[in-house]
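> got a sequence here, can you build the structure:
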Amino acid sequence: MKKYFLLFALLMLSGLAYSDDEKEVPAVITEQPFIKVEEEKVTLTSPDQIIPSRQETRLFATTAPTYGALKLQGASPDGYLEFGVRSDEYVSQAILDLEFTPSPSLLPIESHLNIYLNDEIMGVIPLKKEDLGHKNHITLPLDPRFIQDFNHLKFTFIGHYREICENQANTTLWLDISKNSQTASHLSIIEIE
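As a prediction, this is how the structure comes out:
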């Protein structure tokens, strides 16, 4: 209790010490603004002014760094693709057309494929019993908000072949992503006036 009283008294005294040095300055209200703000005229594009756009498709067979199929295994479960977008363009829509074949020895549902775009997860594909051992095709939308000038697609395979005591180096843990897989983007030009 004594500590609180001393702390309170110290605060009061320090407030009195500063109050004598400071002089009260009256507030001045002026009718003229300090900064003159000019209004800008906003013109909307008319229907006859069309922003140039184009469609771009990138096959995995021609995309760095792998230039072909991705082979994901238990001991090395990650695969990567990189692509760029011109600085004077932006992506309004993007999709991933993925062809892949998982090992027939995988446990369904527990095994899956994660897809990342610039370290943001875009989708998780659970591997069902009917998917195992043959070619599958999925279309996954990619969020264009995460697309930059330089982009990094990452595929992470999580594979399981038994309930307990798994060996990640076992040859039954694999998933192949076909070189016929592709990304498709709708690109628009950024108009600078």
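
> name the strands paired with the longest strand along the chain and say parallel or antiparallel.
Secondary structure of the chain read by DSSP state E shows that its longest strand is strand 89-102. Its sheet considered, strand 89-102 pairs with strand 136-142 (antiparallel), strand 174-177 (antiparallel), strand 182-189 (antiparallel) by DSSP bridges.

> lowest mean pLDDT across those, which one is that?
Of all the strands paired with strand 89-102, the minimum mean pLDDT falls on strand 182-189 (a mean of 92).

> hmm, back to that, could I get the buried residue list for the longest strand of the chain?
Neighbour-count burial for strand 89-102, with 16 or more other Cβ atoms under 10 Å as criterion, is recorded at Glu89, Tyr90, Val91, Ala94, Leu96, Asp97, Leu98, Glu99, Phe100, Thr101, Pro102. C-beta here means a position set from N, CA and C on the backbone, and glycine is covered the same way.

> can you name the residues bridging to Asn136?
Beta-bridge partners, per DSSP bridges, of Asn136: Phe100.

> please name the residues that touch it.
Neighbouring residues of Asn136 by Cβ atoms under 8 Å, 6 or more residues apart in numbering: Glu99, Phe100, Thr101, Pro102.

> so who does the second one touch?
With contacts defined as Cβ under 8 Å, 6+ apart, Phe100 is in contact with Leu113, Lys135, Asn136, Ile138, Leu175, Asp176, Ile177, Ser178, Ser181.

> Arg58: how many residues sit nearby?
16 (other Cβ atoms under 10 Å).

> where neighbours are concerned, which of the contacts of Phe100 has the most?
Of all the contacts of Phe100, the highest neighbour tally under other Cβ under 10 Å goes to Leu175, namely 27 neighbours.

> quick one, what contacts that one?
Contacts for Leu175 (Cβ under 8 Å, 6+ apart) come out as Leu72, Phe100, Thr101, Pro102, Ser103, Leu113, Leu127, Phe157, Gly159.

> and stretch 154-168, which residues are buried?
In terms of neighbour count (16+ other Cβ under 10 Å), stretch 154-168 has its buried residues at Lys154, Phe155, Phe157, Ile158, Gly159, His160, Tyr161.

> how far out from the middle of the chain is that stretch?
Offset of stretch 154-168 from its chain centre (Cα atoms, centre = their mean, to the nearest Å): 25 Å.

> can you pull out the helices in this structure?
Using DSSP state H, the helices assigned to the chain run over residues 2-21.

> which residues of it score low on pLDDT?
Applying pLDDT under 70 to the chain picks out residues 1-51, 193.
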